[in-house]
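Asks: Build the 3D model from these lines:
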Amino acid sequence: MKPSLLRLSLATALCCSMLTASAAATDHSASKYKIDLPPSADLTYAIQAKQSGITLGGEGSVKWQVDDKRFSVKSETRAMLFGKILEASSEGAIDSFGLAPTQFVNKRFRKEATTTTFHRDSGTIGFSESSESYPIKGGEQDRTSIIWQLISVARAAPQQFKPGSDWTFFVAGMRDAEPWTFKVISTEKIKTPLGDLDTVHIFKAPPPDAKDQQLDIWLAPSLEWYPVRLRFTDPNKDFVEQTLQQVNNKAGK
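Replies: Coordinates of the predicted model:
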C-alpha cells in the first residue's frame, strides 16, 4: 500500500513533483511571454488513482494568492485513512517575466521537506537536496508555480493557445532543473462537478530519454483558465487524476 500511497501523494501540487528531470541542463534561454495573472482563488479537487491494480481516492486543495507585487501557491493532498500526505508551496515576486519564485518547498508523506531557492541577488537557483546550481536568466519556474505561469500566459494570448502550439519554460524541481515544453492538443468539453466545461487540453510529455510520467492539463477559459483536471500517467498506464470540485474566486475581494 505504501508505494501506491506515495504515488498518490505526488498528484496535487499543481504540479508535478513526480515529473523528475533527466540530465541536468545548465544552459537555457530566458522565457518571456506576455502574462495576465488569474484572480486569487481557493480550489478543491477530488483525486482518483489506479496504482498497481489498487484504486485510491483522496482530496486536494490549492490556495492561489496574487497582488501587484507578490504571489503564493499552497497545496495540500489528503488521502483516506492517512490524512495529509503532501504539502507544497511556492512564493515570490511578480516581474516583467511574470511569476518570479523565490522559494519552493515540497513535503512528502513521512519525509523531510525539500527546499529550492531562487537567489535573486546572486542570480542562481540552488537546492537543499543537491549541489546543482543554475543561472537565473528570466522566467524560470518551479514545479508548483509553473502551472500558474502557464495559465497567466494563456490568459494573455488565448488566440495563440491553439492546437499544435507549444510553450517552453525552464523549471526547477527538488534536485535539478530542465526545460519543459507544453503542447496544446485540442479544445474539449468535459464533465465536471461544476457542469460541462469547454477546456483547452495541454500535454507535457516526459523527455525522450526518460521513463517518466506524462502530464495532461485541462484549463477552463470560462473559469479564469483555472485547471479543472490534471492527469498523471505512468508508462505502465497507472494514473492519478484530479478534478476540480469547487472554486472560490476572490476577484475583487
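Asks: From now on I want contacts and neighbour counts done on CA atoms only, so please keep to that.
Replies: Will do.
Asks: In three-state terms, label residue 152 for me.
Replies: Secondary structure, DSSP: H, G, I helix; E, B strand; the rest coil: residue 152 is helix.
Asks: how far away is it from residue 73?
Replies: Separation of residue 152 from residue 73 (C-alpha to C-alpha, to the nearest Å): 14 Å.
Asks: so for stretch 123-139, what's the average pLDDT?
Replies: Stretch 123-139 carries an average pLDDT of 97.
Asks: outside of that stretch, which residues touch it?
Replies: Residues outside stretch 123-139 that contact it (C-alpha atoms under 8 Å, 6 or more residues apart in numbering): 26, 29-32, 97-100, 114-120, 169-170, 172, 174-177.
Asks: Can you select the buried ones among those residues for me in ChimeraX?
Replies: Buried residues within those, by 16 or more other C-alpha atoms under 10 Å, are selected in ChimeraX with:
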select :31,32,97,98,99,100,114,115,116,117,118,169,170,172,174,175,176,177
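Asks: Among the contacts of stretch 123-139, which ones are in strands?
Replies: Counted as lying in strands by DSSP state E, out of these, are 98-100, 114-119, 169-170, 172, 177.
Asks: And those residues, which two are furthest apart?
Replies: 98 and 114 (24.1 Å; C-alpha to C-alpha).
Asks: Mind jotting down where the helices sit in the stretch 51-200 of the chain?
Replies: 145-156 (DSSP state H, counting those that start in this stretch).
Asks: burial of residue 186, as a residue count?
Replies: 15 (other C-alpha atoms under 10 Å).
Asks: Enumerate the beta-bridge partners assigned to it.
Replies: With DSSP bridges as the criterion, residue 186 is bridged to residue 201.
Asks: That one against residue 163, yeah?
Replies: Yes - at 5.1 Å, residue 186 and residue 163 qualify as touching, with contact defined as C-alpha atoms under 8 Å.
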